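Novice: here is a sequence together with a model predicted from it:
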Amino acid sequence: MIRVELKGGVIKEYERGTTALEVAKSLGAGLYKAACACKIGGKVFDLRTPLQEDCALEILTFEEAGGKHAFWHTSSHILAQAVKRLYPAAKLAIGPAIDNGFYYDIDCDTSFSQEILEKIEAEMKAIVKESLEITRFELPADEALKLVNEQGEIYKAELIAEHAGKGELISFYKQGDFVDLCAGPHLPDTGRVKAVKLTASTGAYWRGDSKNKMLQRIYGISFTKQADLDAHLAALEEAKKRDHNKLGRELGYFTTSELVGQGLPILLPKGARVMQILQRFVEDEEQKRGWELTKTPYMGKSDIYKISGHWDHYRDGMFVLEHGDEETEEVLALRPMTCPFQYQAYLTKSRSYRDLPIRYNETSTLFRNEASGEMHGLIRVRQFTLSEGHLMCTPEQVEGEFRGCLDIAIYMLKTLGLYEDVSYRFSQWDPEDKEKYIGTKEQWDTAQSVMGKILDHLGIDYKIGVGEAAFYGPKLDIQIKNVHGKEDTLITIQIDMMLAEKFGMEYVDADGSKKNPYIIHRSSIGCYERTLALLIEKYAGAFPLWLAPEQVRVVPIADRHQEYAREVRRELESFGFRATVDDRSEKLGYKLREAQLERIPYMLVVGDKEAEEGTVSVRKRSVGDVGTQKVPAFISDKLADVTTKLID
RNA sequence: GCUGAUGUGGCUCAAUGGCAGAGCAGCUCAUUCGUAAUGAGCAGGUUGUCGGUUCGAUUCCGACCAUCAGCUCCA
């Protein structure tokens, strides 16, 4: 007998070799029916795992992450089984659970149109109804290979071939007549996937490599009951309404034009105003923290990019202004980054260790010729404005300066109300990738260990991204998810030990020797276009007062109140408020409705009473009518909110 | 760049191998109104662009442009 510690510290005894599923069954029919996977000693396992010794066991249901993962993984197997039933010639690649559901990559001549997805979904429901038992078995690599070859599963064979010769057993899962190579864990049977929806069919390269064949990827989501699926789909619809690419256009923040081109958004007055507010905020804050503003050219000769290495790495992604022969004539290119231009500022004189750190910031407009399929709203564009900076310092200073760079980024994010939504990624090089990265293994090990030490010192919780580093150094990326759950980099701080040497940047140290400074590349608020996009989504267009392009709208009730309304507006403007008067001969309700739809933070209703008393009737966007105030009282209240950058 | 989808007035959406229609927005007039839509009238489109098939194309076909989802990429 073995002793199994269950949830809440309860200890029960079982026969050695009892499976987790049998334990769940012994604990109650409800738990048995809900069981998806288990945790043994804190690690997630399949429910079929026999318990061989005393252990702590937790049965995971759909409510826990591990259980959800198994549930969605099984859903993907059901998807694959349905596809194989309908299209026996289809070849299966991989089909994992993801953060929000599951997918399966499939090689099939038939294109999975909407109608076909519906057919597959119907077949999945049939498989669920059949409530097939799911069993696990293991084979040595050579027998496993034989099995998948018999099935004609060439992609599975490729996966197994990688494990051949290591002596490990390859696991399979079987449900009905469908067998799939898989590490698991999986549900006990297919009958538990009560509600399923296939959400999309897209393309995806085999093994994530664009040199490989493009397969078809079917995405889906599933739940234990239909009501949860319905709620999930409704939430997705709600999220779509916040999408900056839709809302930002509707509210008049930006537009695009076919005549101008892809990835070249036109910021309309509202968008341009918010961007100006953000820029002033960033530049002022950076000045307070010892950053010096530069203004460098939007283009430069190819020579400068050849030294930095960008010409080799990113020439295709640069807008090169070609006039003639590259060999004999000057070739200019629009700048894709500001680094080497700010280095020229550093190089204007010889530097002493006493001069360091030198911190240069710039609100820099950059140009990158992104691939046509990459462009998206304000998130990924071909011309953008970065709050960019480069900091030159000694090795002793690098930790403190890095912390300073991080501090300002965190301060920005907190002020904007985005901080709670971000996560950190420590982006490292991939030693296997000989093409992308410059420098030696020693240089990389040093730079990464410096950054790793700093991050650990600061107690930052990060994920490691192998192969995500810049070609010249490791990065701390501050990641954020958009309204659809897609993650992007908002802010990045990089340590660079390579480019100073390439550009001959030196300083004279205390002992008289010449050394290359460390360079930190960093952004404090990221790219303004992208930040604006995320703010639109975060606030669903209802910006905090300090950021709102129009802060106050004065709404006269009848035409005879227009003069007083304009007086109120002039008073507001004299205190720096962005205010307008809606002087159209419309009914009050009509004008308020429009102001609400435009997300104006405050509407000031003025009629006979207000004009008489020198007051305004305050309507707050988020609340409604909040009563009457004297004009100076309203102004001082809201001035305080603007000064503190209140997020309301 | 790749896979797939989409493109009809400013917006949301109809319709059709044979004169393209509605609501909202806009404009005009009337209404002067107290916290999310006053009424009436008017105007607005070479159906993304170019080419092909056809007696006739917005509809069918092709190329391109743009937009969307995803992949790849992101200095």
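Specialist: In hand now; what should we look at?

Novice: quick check: residues of the stretch 101-250 of chain A near RNA strand B?
Specialist: A:111, A:113, A:200-205, A:208-210, A:214, A:216-217, A:243, A:245, A:250 (C-beta under 7 Å from any atom of the strand). Placement of C-beta: from N, CA and C, glycine included.

Novice: give me that answer again for 6 Å
Specialist: Proximity of the stretch 101-250 of chain A to RNA strand B, by C-beta under 6 Å from any atom of the strand, involves residues A:111, A:113, A:200, A:202-205, A:208, A:210, A:214, A:216-217, A:245.

Novice: just want the most central residue of chain A.
Specialist: Among the residues of chain A, the one closest to the centroid is A:Glu487, at 1.8 Å (C-alpha atoms, centre = their mean).

Novice: hang on, A:Glu573 packs against A:Val581?
Specialist: No - using C-beta atoms under 8 Å, A:Glu573 makes no contact with A:Val581, being 10.7 Å away.

Novice: could you find the closest non-adjacent residue to A:Thr363?
Specialist: In space, and not counting its chain neighbours, A:Thr363 is closest to A:Gln279: 5.5 Å by C-beta to C-beta, 6 or more residues apart in numbering.

Novice: for the one you found, which residues are in contact?
Specialist: Contacts here follow C-beta atoms under 8 Å, 6 or more residues apart in numbering; on that basis A:Gln279 touches A:Thr363, A:Thr385, A:Ser387, A:Tyr528.

Novice: the residue of the stretch 1-150 of chain A found nearest RNA strand B: neighbouring residues, count only.
Specialist: At 4.7 Å from RNA strand B, A:Ser111 is the closest residue in the stretch 1-150 of chain A, using C-beta to the nearest atom of the strand. Counted with other C-beta atoms under 10 Å, residues neighbouring A:Ser111 total 8.

Novice: how near is it to A:Ile120?
Specialist: Taking C-beta to C-beta, to the nearest Å as the measure, A:Ser111 falls 13 Å from A:Ile120.

Novice: could you do A:Tyr219 as well?
Specialist: When distance is defined by C-beta to C-beta, A:Tyr219 is 12 Å away from A:Ile120.

Novice: what does A:Val381 give?
Specialist: Applying C-beta to C-beta, the value for A:Val381 to A:Ile120 is 36 Å.

Novice: same question for A:Val554.
Specialist: Distance, A:Val554 to A:Ile120, using C-beta to C-beta: 58 Å.

Novice: residue ranges in chain A under the pLDDT threshold?
Specialist: Where chain A drops to pLDDT under 70, the residues are A:323-324.

Novice: for RNA strand B, what's its nearest residue on it.
Specialist: In chain A, no residue comes nearer to RNA strand B than A:Gly373, which is 2.1 Å away by C-beta to the nearest atom of the strand.

Novice: quick one, phi/psi of that residue?
Specialist: phi -80, psi 0 (degrees, to the nearest 10).

Novice: how about A:Ile40?
Specialist: Note on A:Ile40: its backbone torsions stand at phi -110, psi 120 [degrees, to the nearest 10].

Novice: what's the local residue count around it?
Specialist: 18.

Novice: buried residues in the biggest helix by length in chain A, which are they?
Specialist: Looking across chain A with DSSP state H, the single longest helix is helix A:65-86. Neighbour-count burial for helix A:65-86, counted by 16 or more other C-beta atoms under 10 Å, picks out A:66-85.

Novice: who's in contact with A:Lys156?
Specialist: The contact partners of A:Lys156, by C-beta under 8 Å, 6+ apart, come to A:Leu92, A:Val148, A:Asp180, A:Leu181.

Novice: go again with 10 Å.
Specialist: A:Lys156 makes contacts with A:91-94, A:144-145, A:147-149, A:170, A:172, A:179-182, as judged by C-beta atoms under 10 Å, 6 or more residues apart in numbering.
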